[in-house]
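**Student:** okay, here's the prediction I keep looking at, along with the sequence it came from:
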Amino acid sequence: MSNNNTSSSRTSILRSPQERKEILRKMITRAESLQEIVDDNTIVTLETYMEEADTINSQTTLEEKIHNQEETLMDSEMMNISSKVLKQCTRSLTRYMCSYDTAEFAQKVVQHVKQLPNFESETPDWSLLENQVTKCFKTTPDYSTLLGTLAPLEKKEINRRKPLVREAQAQIRRPENVVAVDKEEEGLEQTVKMKEFITRYYKTHRKPLDFFQLILHPSDFGKTIENILQTSFLARDGKIKITKNSSGILVVQPSTKEMMAQTNAGKNPNIQNVVYLNMEQWRMLKDTYRLEKPMIDFDNRS
């Protein structure tokens with residue numbers, strides 16, 4: 001904003017921090033008053049104030065700005081006020097932009113036409129402005145329409161399909177709470193074995209069991225999904241607890257008697273979640289855990 005000659009002359013006058021602050025306070029007060037009255041001299045006056053603020057800013061070293069943050073804050077306030085003054089000037093300019101005298105404008109157009117080199121007669125030749133004026137109007141594109149109307153097409157009958165009556169779906173049966181198990185039901189038997197295995201592991205090692213290490217079958221994706229379902233049934237019935245350890249890994253541990261009692265009493269929500277696992281994720285988990293054989297396999301009694 002400042003002129004180079006003005007800045008160089010003012011930079012030679014070194015001021016103390018107290019003098020710089022006093023000048024900035026005056027500049028801020030004067031700049032604030034410019035918001036109330038906007039005229040032709042507002043921009044020129046604001047520029048003078050900003051030049052003074054720039055001069056003070058150039059006299060302040062970086063070390064002084066760090067230790068004297070009040071001066072930096074005042075300089076920022078000066079920039080903020082100048083921005084508000086410029087916005088006020090913009091609003092004032094926009095407000096009076098369209099207020100012009102039509103007669104004066106027409107007279108200036110006539111004078112412009114008379115000053116053109118091809119002008120000869122006293123009466124203005126408006127055709128001289130044709131090339132300039134026609135560029136200001138959008139040309140309407142030419143188009144042609146069809147003559148007459150088209151004969152209506154015959155309506156085709158639409159054969160709508162009758163809604164199919166679906167047979168009543170067989171009621172899906174889910175395992176009951178694992179308390180007493182009928183050995184003839186293979187799914188429930190596997191669920192009980194899974195619960196016994198988790199309990200035995202926790203008593204032996206005194207720590208929860210890695211969830212994916214438990215359910216992964218390194219050579220059979222289908223059995224991996226079966227293991228996930230078995231653990232979901234146990235979690236739903238409150239037999240086991242699936243949480244995250246301090247490393248963010250899913251772990252499984254048997255529920256305590258108190259937790260099972262709360263589940264049976266309805267104090268804990270009875271929710272069953274099934275972990276989503278596709279073939280690609282199963283292969284990635286196999287490569288991560290590098291299991292040679294499954295931890296639990298109901299077919300091999302392991």
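**Tutor:** Okay, I see it.

**Student:** helices of the stretch 101-250 of the chain, start to end?
**Tutor:** 102-114, 130-133, 186-205, 211-215, 221-236 (DSSP state H, counting those that start in this stretch).

**Student:** now for the protein, the helix or strand with the poorest mean pLDDT.
**Tutor:** helix 4-11 (a mean of 45; mean pLDDT, DSSP states H and E).

**Student:** any idea which helix or strand comes after that one?
**Tutor:** helix 17-33 (DSSP states H and E).

**Student:** what does that following helix rub up against?
**Tutor:** Helix 17-33 has contacts (Cβ atoms under 8 Å, 6 or more residues apart in numbering) with 15, 45-46, 49, 52-53, 56, 59-60, 64, 68, 70-71, 74-75, 77-78, 81-82, 85. C-beta: built from backbone N, CA, C; applies to glycine.

**Student:** and for stretch 285-296?
**Tutor:** So stretch 285-296 is contacted by 193-194, 197, 212-214, 216-218, 220, 223, 227, 277, 302 (Cβ under 8 Å, 6+ apart).

**Student:** can I get the residues you listed in JSON lines with pLDDT, neighbour count and distance to residue 32?
**Tutor:** Formatted as JSON lines, these follow (pLDDT from 0 to 100; neighbours: other Cβ atoms under 10 Å; distance: Cβ to Cβ, whole Å):
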{"residue": "193", "pLDDT": "84", "neighbour count": "15", "distance to residue 32": "83"}
{"residue": "194", "pLDDT": "85", "neighbour count": "25", "distance to residue 32": "77"}
{"residue": "197", "pLDDT": "88", "neighbour count": "17", "distance to residue 32": "79"}
{"residue": "212", "pLDDT": "88", "neighbour count": "21", "distance to residue 32": "67"}
{"residue": "213", "pLDDT": "86", "neighbour count": "17", "distance to residue 32": "71"}
{"residue": "214", "pLDDT": "87", "neighbour count": "22", "distance to residue 32": "72"}
{"residue": "216", "pLDDT": "88", "neighbour count": "24", "distance to residue 32": "72"}
{"residue": "217", "pLDDT": "90", "neighbour count": "20", "distance to residue 32": "77"}
{"residue": "218", "pLDDT": "88", "neighbour count": "15", "distance to residue 32": "77"}
{"residue": "220", "pLDDT": "89", "neighbour count": "15", "distance to residue 32": "79"}
{"residue": "223", "pLDDT": "89", "neighbour count": "18", "distance to residue 32": "79"}
{"residue": "227", "pLDDT": "86", "neighbour count": "24", "distance to residue 32": "75"}
{"residue": "277", "pLDDT": "85", "neighbour count": "16", "distance to residue 32": "67"}
{"residue": "302", "pLDDT": "50", "neighbour count": "10", "distance to residue 32": "84"}
